[in-house]
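Student: A structural model of the following input is requested.
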Amino acid sequence: GRSSHALALTREVAATAPDHFEGLSLLYRLLQRAGALEEAAPVGERLLELQPQAPRNLSSALFNLHYQPHTPATLLALAQRFGAAVRVEQAYTQWPRRPLAGPAQRRVRLGLVSGDLVAHPVSWFLEGVLEQLAHKGTFELHAYATRPREDAVTARLKPLFHAWHQVAGLSDAALAQQMHADEIDILLDLSGHTEHHRLPVFAWRPAPLQISWLGWWATTGVKEMDYVIADKTGVPPKLRDQFVEQVAWMPETRLCFTPPADAPPLAPAPALRQGHITFGCFHRLPKLSSDTLRLWAQVLAALPTARLHVQTQGLQDAALRQQVAQRFAAHGL
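Tutor: Residues are numbered from 1 along each chain as shown. I've put the predicted structure just below:
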C-alpha cells in the first residue's frame, strides 16, 4: 500500500535499466493505479515495443487504453493484434468440430470461464442468473475457475454448478483439451481482457459456440469468439463494426444485479439531514481523467453547496493523496 515509495523505487529501476521488462511493467501498473495516465502512456508504448506479440502485454495495453481518450479504430486494431497473437493453427486439426447437443440428447453443457468467482463485481451480476439457470434444469453448468482464490461468495456459487474445475495451473492447450473432453456446448468468457482471463484458450475452439459476456465491454479480438452479449446502451448499433464477434443485443440490459444479502435497510437521503447533496466516487484512480474532473467541476460549480466524496484503494498513501488533491484543485475542485 505504500504507492509513492514503490513508484520512486520503480522509477529508479526504469532509469537504470530502461529495457528491463518486469521493472517497466511494474512501473506501468503503479502509474496506472495512481492515475498518472500521461506518465504511464510512454511506458506502455515501450512495453509493446519490447514484447510486441506477448498476449498478456497486449491485454494489459488494451485494458489500460480504455482509461484514455482513443478512437474506436485504435482499440479495435490492438484487439485484432491480440487475436492474431493467440491464433492456433493446429487447433483446427486437433479435434473435429462437434455440433451443439440437442434437447433430446442431454442437457446443454454451459461452461463459464472466470477468475472472478469470488467477491467481485462479476459475481454480483452473475449469481442471480446462475440461480435461475440452475433451477430451470435446462443447462448443465461447468465452472472453470482461473485463479485459486476462494471466499464466501465462491462457497455460495459452487452448489449451483454440476462441476467445478480449478484450472489456474493448466496450459492453454491442456485447458482446451479438458473443455473438449467435458463436451462443453457453449463456452462463456466472463473476463475479456481483465486480470486472470484465459482468452487464448478460446482460440483453440474447444466448444461449438463461444460467447463473451459480462466482464468486458468491447471486442476480445479473438476471431473464434462467436458472439458478444451486449445492450444498446453499452454498444450502440453504430459501433457494431468495432467487434470481430457478432453482437447479440439483449432487449433491455446485459446486466442482472444480485442484491447483497447483508445490505442495510433503505435510509432517508442524507441530503435531507445535512442540507447538501454529496456525490460519491468509489472508482479506481485511472478512471478520474482530466476530462472527467473538468465535467465534475462544472457540476459542482452549478451546485455550490454540494460535496464530493472520493474513496478508493491507494489513498491511504499520504503522498498519493496529496497528488490527487492537487489534481482536483487544478480543476477548481
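
Student: gap between stretch 272-287 and the chain center?
Tutor: Distance, stretch centre to chain centre, for stretch 272-287: 24 Å (CA atoms, centre = their mean, to the nearest Å).

Student: list the contacts of that stretch.
Tutor: 32-35, 37, 64, 67, 270-271, 288, 296, 299-300, 303, 305-314, 324 (CB atoms under 8 Å, 6 or more residues apart in numbering). C-beta here means a position set from N, CA and C on the backbone, and glycine is covered the same way.

Student: okay, and which of those residues map to strands?
Tutor: Arg307, Leu308, His309, Val310 (DSSP state E).

Student: look up how far Trp124 lies from the third one.
Tutor: Spelled out, that is His309. For His309, the distance to Trp124 equals 21 Å [CB to CB, to the nearest Å].

Student: so for these two, which sits in the more crowded spot?
Tutor: Legend: neighbour count by other CB atoms under 10 Å for His309 and Trp124, higher for Trp124 (17 against 9).

Student: skipping its backbone neighbours, what lies nearest that one in space?
Tutor: Closest residue to Trp124 apart from its sequence neighbours, by CB to CB, 6 or more residues apart in numbering: Thr258 at 5.5 Å.

Student: please tell me how far that neighbour sits from Lys223.
Tutor: Distance, Thr258 to Lys223, using CB to CB: 32 Å.

Student: still on that earlier bit, would CSV of the ones in strands among the contacts of stretch 272-287 with pLDDT and distance to Trp204 be doable?
Tutor: Written out in CSV, the entries for the ones in strands among the contacts of stretch 272-287 read as follows (pLDDT from 0 to 100; distance: CB to CB, whole Å):
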residue, pLDDT, distance to Trp204
Arg307, 96, 52
Leu308, 95, 47
His309, 95, 46
Val310, 94, 43
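
Student: just the buried subset of those residues, please.
Tutor: Applying 16 or more other CB atoms under 10 Å to the ones in strands among the contacts of stretch 272-287, the neighbour count classes Val310 as buried.

Student: now distance to Asp182 too, for the ones in strands among the contacts of stretch 272-287, in a markdown table please.
Tutor: Converted to a markdown table, those look like this (distance: CB to CB, whole Å):
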| residue | distance to Asp182 |
| --- | --- |
| Arg307 | 53 |
| Leu308 | 49 |
| His309 | 47 |
| Val310 | 45 |
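
Student: what comes up buried for stretch 143-162?
Tutor: Ala143, Tyr144, Ala145, Thr146, Val153, Thr154, Arg156, Leu157, Leu160, Phe161.

Student: the first one and Leu117 touch, don't they?
Tutor: Read it as Ala143. Yes. Between Ala143 and Leu117 there is a contact under CB atoms under 8 Å: 6.3 Å.

Student: doesn't Leu300 make contact with Leu308?
Tutor: Yes. The pair Leu308 / Leu300 is scored as a contact, 6.4 Å apart, by CB under 8 Å.

Student: residues shared between the contacts of those two?
Tutor: Going by CB under 8 Å, 6+ apart, residues that sit against Leu308 and also against Leu300 are Phe279, Leu333.

Student: and Val247, that's in a strand?
Tutor: Yes. Counting by DSSP: H, G, I helix; E, B strand; the rest coil, Val247 falls inside a strand.

Student: what bridges to it?
Tutor: Val228 (DSSP bridges).

Student: give the contact list for it.
Tutor: By CB under 8 Å, 6+ apart, the neighbours of Val247 are Tyr227, Val228, Ala230, Val235, Arg240.

Student: read off the pLDDT value for the nearest residue to Thr253 once chain neighbours are set aside.
Tutor: Leaving out its chain neighbours, the residue that sits closest to Thr253 by CB to CB, 6+ apart is Asp231, at 4.9 Å. Note for Asp231: predicted pLDDT of 97.

Student: okay then, goodbye and thanks.
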